[in-house]
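> take a look and give me a structure for this.
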Amino acid sequence: MKKLTLLLLTFVVAIGAYAQGQKFDPEKFDAEQQQFITKAANLTEQEAARFFPLFREMQKKQRAIYERQRKLGFNKPADEKGCAESIRQHDQIDLELKQIQQQYHNKFLRVIPASKLYDVIQAEDRFLRMKLRSWGGGMHQNRRNGNNGANGNNRFGGNNNRNGNNGANGNNRFGWPNNRQNNGR
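Numbers count the residues shown, from 1 in each chain. Model (predicted):
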């Protein structure tokens with residue numbers, strides 16, 4: 001689910017970058033992603049030649065579903081029936097995306113070893129995060145440093161502290177109990 005959200009955010013940010021005058025070039029993005037993943041996962045030329053056509057095929061299917069999700073929108077319906085239907089539709093899209101991912105992971109395992117597929121998955125996540133940070137124009141770094149205004153809160157109203165000390169209630173910046181030290185994460 002985290003990866004799906006990250007991919008969706010990547011496309012939203014790409015559209016935002018385009019709107020700000022930075023033209024998004026999908027071919028350049030794909031080439032950079034392929035180079036990054038190939039290097040990070042130590043794919044040989046033969047492995048990359050077998051892997052990336054399947055990877056692009058998976059991405060094409062995912063993008064079609066992301067487009068459906070975008071059209072569905074994220075505005076809250078006016079009544080209970082509409083909210084319930086919207087939840088069902090979003091859940092169905094999430095399931096479809098996960099099924100595509102599972103189907104292609106099985107295909108990938110036929111062309112590259114599992115250890116390299118694991119590295120590919122991690123590399124793709126790192127690449128997307130790196131792109132999101134670069135497209136954000138430094139916004140990520142400003143949030144990390146707490147530079148979001150005089151009140152010290154981030155744009156979502158939460159505290160910017162990342163050290164887990166977010167006030168007397170002991171909750172983290174999302175309002176959840178801060179038990180990271182206790183559960184070994």
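> so where's this structure shaky on pLDDT?
Residues of the chain that meet the criterion pLDDT under 70 lie in 1-22, 137-185.
> longest helix in this protein, please.
helix 80-109 (DSSP state H).
> could you list the buried residues of it?
86, 93, 96-97, 100-101, 104, 108 (16 or more other CB atoms under 10 Å). C-beta coordinates here come from the backbone N, C-alpha and C atoms, glycine included.
> now stretch 119-129
Applying 16+ other CB under 10 Å to stretch 119-129 flags 119-121, 123-124, 127-128 as buried.
> from those, pick the one nearest G73.
Checking these against G73 by CB to CB gives L128 as the nearest, at 22.8 Å.
> the helix or strand harbouring that closest one versus helix 80-109: what angle between them?
In the assignment (DSSP states H and E), L128 maps to helix 114-135. Using axes from the mean of the first three to the mean of the last three CA atoms, to 10 degrees, one finds that helix 114-135 and helix 80-109 are set 130 degrees apart in direction.
> which helices and strands sit right next to helix 114-135?
Contacts defined by 3 or more CB pairs under 8 Å, 6 or more residues apart in numbering; DSSP states H and E place helix 114-135 against helix 2-19, helix 26-40, helix 45-72, helix 80-109, helix 139-145.
> put the alpha carbons of that helix into PDB.
Taking Å, rounded to 0.1, in the frame of the first residue of the first chain, the C-alpha atoms of helix 114-135 are listed here in PDB:
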ATOM      1  CA  ALA A 114      14.800 -13.400  -5.900                       C
ATOM      2  CA  SER A 115      17.600 -11.600  -4.200                       C
ATOM      3  CA  LYS A 116      18.000  -9.200  -7.100                       C
ATOM      4  CA  LEU A 117      14.200  -8.700  -7.300                       C
ATOM      5  CA  TYR A 118      14.300  -7.700  -3.700                       C
ATOM      6  CA  ASP A 119      17.000  -5.200  -4.500                       C
ATOM      7  CA  VAL A 120      15.000  -3.900  -7.500                       C
ATOM      8  CA  ILE A 121      11.900  -3.300  -5.300                       C
ATOM      9  CA  GLN A 122      14.100  -1.400  -2.700                       C
ATOM     10  CA  ALA A 123      15.800   0.500  -5.500                       C
ATOM     11  CA  GLU A 124      12.600   1.600  -7.100                       C
ATOM     12  CA  ASP A 125      11.300   2.900  -3.800                       C
ATOM     13  CA  ARG A 126      14.600   4.800  -3.200                       C
ATOM     14  CA  PHE A 127      14.500   6.200  -6.700                       C
ATOM     15  CA  LEU A 128      10.900   7.500  -6.400                       C
ATOM     16  CA  ARG A 129      11.600   9.100  -3.000                       C
ATOM     17  CA  MET A 130      14.700  10.700  -4.500                       C
ATOM     18  CA  LYS A 131      12.600  12.100  -7.400                       C
ATOM     19  CA  LEU A 132       9.900  13.400  -5.000                       C
ATOM     20  CA  ARG A 133      12.500  15.200  -3.000                       C
ATOM     21  CA  SER A 134      14.100  16.800  -6.100                       C
ATOM     22  CA  TRP A 135      10.700  17.800  -7.500                       C
END
